[in-house]
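>>> below are the sequence and a predicted model for it; my questions follow.
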Amino acid sequence: MLTWIVAHPLAYPALEVLHIVGIALLVGNLVLLELRVWGLGGDLPVQPLARLALGLAVLGFALAGASGLLMFAAQAAELLANRAFVLKMGLLMLAGTNAAWFHGRGSLVRMDRTARLLTLVSTAIWLAVIACGRSIAYV
């Protein structure tokens, strides 16, 4: 356990803020790109938008992941016993699988029905991840 996170009155709240900023960068940029896959903003070229949005999404994921790992380290036993946390971790793996499928099949080039379906799945998974994250304190 990282005792400084628990001992310092501002450490855990600061990590929560960083976690939320990371989630906002991640999900906000994914939704922006997903809307483009659905045809919104058709005058914006997909590839430059994807480079910008995915770069910021990766930054958000790194920020959320690093802050999440530190928060986990502060209370690992409690979190591992929490159903909402365990579900959140499973959903994160599912989100990664969905992203790998989306990019592995070249969805940003195809922009077809399967690409649109995968964006819907992505949005649903990330909303579920957020809901599980919020539920951790209440389960």
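Nice, I can see it. No experiment lies behind these values; they were computed from the predicted model shown. Numbers count the residues shown, from 1 in each chain.

>>> relative to the whole chain's centre, how far out is the helix with the most length in the chain?
Ordering each helix of the chain by length in residues (DSSP state H) puts helix 46-74 first. How far helix 46-74 lies from its chain's middle: 7 Å, per C-alpha atoms, centre = their mean, to the nearest Å.

>>> next secondary structure element downstream of it?
Per DSSP states H and E, the first helix or strand lying C-terminal to helix 46-74 is helix 76-80.

>>> any idea how far that following helix is from the middle of the chain?
20 Å.

>>> which positions within the helix or strand following it qualify as buried?
Using DSSP H and E, the helix or strand that follows helix 76-80 in sequence is helix 83-104. Within helix 83-104, the residues that count as buried by 16 or more other C-beta atoms under 10 Å are 84-85, 87-89, 91-92, 95, 98-99, 102. Every C-beta, even on glycine, is put in place using the N, C-alpha and C of the backbone.
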